[in-house]
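>>> everything below, folded, please.
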Amino acid sequence: MDKFSDQKRAVQFLYPAIEPFDQRMLDVGQGHKVYVEQCGNPDGVPVIVCHGGPGGGSSPAMRRYFDPKVYRVILFDQRGCGRSRPYASCEDNTTWHLVADMEKIREILDIRQWILFGGSWGATLALVYAQTHPERVRNIVLRGVFLMTQSELDWFYAGGAGKFWPELWSRFCELVPENERDDLIKAYHKRLFSGNREEETHFARMWSGWENALASIQSNGSVGSSPGDYARAFARLESHYFLNGGFLHVDGQILANMERISHIPGVIIQGRYDMICPPQKAYELHQAWPESELVFVRNAGHALSEPGISFALVKAMNTIAEAL
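As a prediction, this is how the structure comes out:
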């Protein structure tokens, strides 16, 4: 099946496109303003969507995983990305700032409890928020689990995934002098913050291309070329977070703190052939989370848009709706 047909199959599982009934720029402090939107049923069950990256931004397509008659859907662009400002800024931009921003959104929108919906880095953020504010969370739905551990970073930036895509891995490494290739995150970060806009954009496109090329199981290895400003913001924010271990206190923090949210119902959707976030961590998370359901999607990788992933996520949200 060609890529176009596969995308058409994915769309059939989704709800029709809906427009926001509320859009605002929220001043969260430290010079940052965060874009927030609401769509669906203003009196419905609140669900907040945590996008990936860090640095990816939200998109209108993310509105389509929820029955608009049932859910009050909140999307926001995390600090430094999407429509939030200042764009591509890493100052005062850590996991803990984002958790605080989510709490501020909840308070301003007068929400007592909400459902967390997040994929990849969005799964990381959702879990850290839940462990910080468990009383504010009624359900968690995750996709493409990433727990911000060193082993996961090593998989993607120290040669693990490169064994499956050696030609792309070689291109990713070749931009960096041999004596710096023992820490590619650090080497790229140095150049992404060099102050030379042309150099930053060049390295940002390679950083973003390496990830984008491995996102879908249908990938032919084409890296493509992301718009310069988007690639720069995405790569700078990711490298900023990854170089600092996601600003978590210890490696493995999320799994170590699962008792804090062990009572919260959750669904974990994981592509069986996810090359960016391998299934092992999804399995470990499920093992540490008694109230979770783990769904492995065959013939699927990491991308939110893959048909099996889309189907499983819509099914999970509909199942929650039926239980209300």
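>>> how far away is the most centrally placed residue in the chain from Lys104?
The centroid of the chain falls nearest to Gly52 when counting by Cα atoms, centre = their mean (1.9 Å). From Gly52 over to Lys104 the distance is 21 Å, taken as Cβ to Cβ, to the nearest Å. Glycine gets a C-beta too; all of them are placed from N, C-alpha and C.
>>> Thr248 against Trp96, yeah?
No, residue 248 isn't Thr; it's Leu. No. With contact defined as Cβ atoms under 8 Å, Leu248 and Trp96 do not form a contacting pair (9.4 Å).
>>> looking at those two, which is more packed in?
When neighbours are counted by other Cβ atoms under 10 Å, Leu248 comes out ahead of the other of Leu248 and Trp96, with 21 against 12.
>>> ok, now which ones touch the more buried one?
When the contact criterion is Cβ atoms under 8 Å, 6 or more residues apart in numbering, the partners of Leu248 are 95, 128, 148, 254.
>>> quick revisit: give me the phi and psi for the residue nearest to the centre of the chain.
In this entry, Gly52 is assigned phi and psi values of phi -90, psi -170 (degrees, to the nearest 10).
>>> now the closest residue to it other than its chain neighbours: how far from Ile217?
Across the structure, with Cβ to Cβ, 6 or more residues apart in numbering as the measure, the residue nearest Gly52 apart from its sequence neighbours is Ser120 (3.8 Å). In this structure, Ser120 and Ile217 are separated by 15 Å, where distance is defined by Cβ to Cβ.
>>> please apply the same query to Leu313.
In this structure, Leu313 and Ile217 are separated by 16 Å, where distance is defined by Cβ to Cβ.
>>> where exactly do the strands run in this protein?
If DSSP state E is used as the criterion, the strands of the chain fall at 22-29, 32-40, 45-50, 71-76, 114-119, 137-143, 266-271, 292-297.
>>> chain center to the fourth one, what's the gap?
Strand 71-76 sits 16 Å away from the centroid of its parent chain (Cα atoms, centre = their mean, to the nearest Å).
>>> just checking, what packs against that strand?
Strand 71-76 makes packing contacts with strand 32-40, strand 45-50, helix 95-108 when contacts are defined by 3 or more Cβ pairs under 8 Å, 6 or more residues apart in numbering; DSSP states H and E.
>>> looking at those, which is buried most?
With neighbours taken as mean count of other Cβ atoms under 10 Å, those reach their highest mean count in strand 45-50, at a mean of 24.
>>> re earlier: just the buried ones from the contacts of Leu248?
Among those, the ones that count as buried by 16 or more other Cβ atoms under 10 Å are 95, 128, 148, 254.
>>> how about a markdown table for the residues you listed, with pLDDT and distance to Tyr241 added?
Rendered in a markdown table, the data for those read as follows (pLDDT from 0 to 100; distance: Cβ to Cβ, whole Å):
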| residue | pLDDT | distance to Tyr241 |
| --- | --- | --- |
| Thr95 | 98 | 7 |
| Val128 | 99 | 12 |
| Met148 | 98 | 8 |
| Ile254 | 98 | 14 |
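>>> and these, which of them are in helices?
Among the buried ones among the contacts of Leu248, DSSP state H puts 95, 128, 254 in helices.
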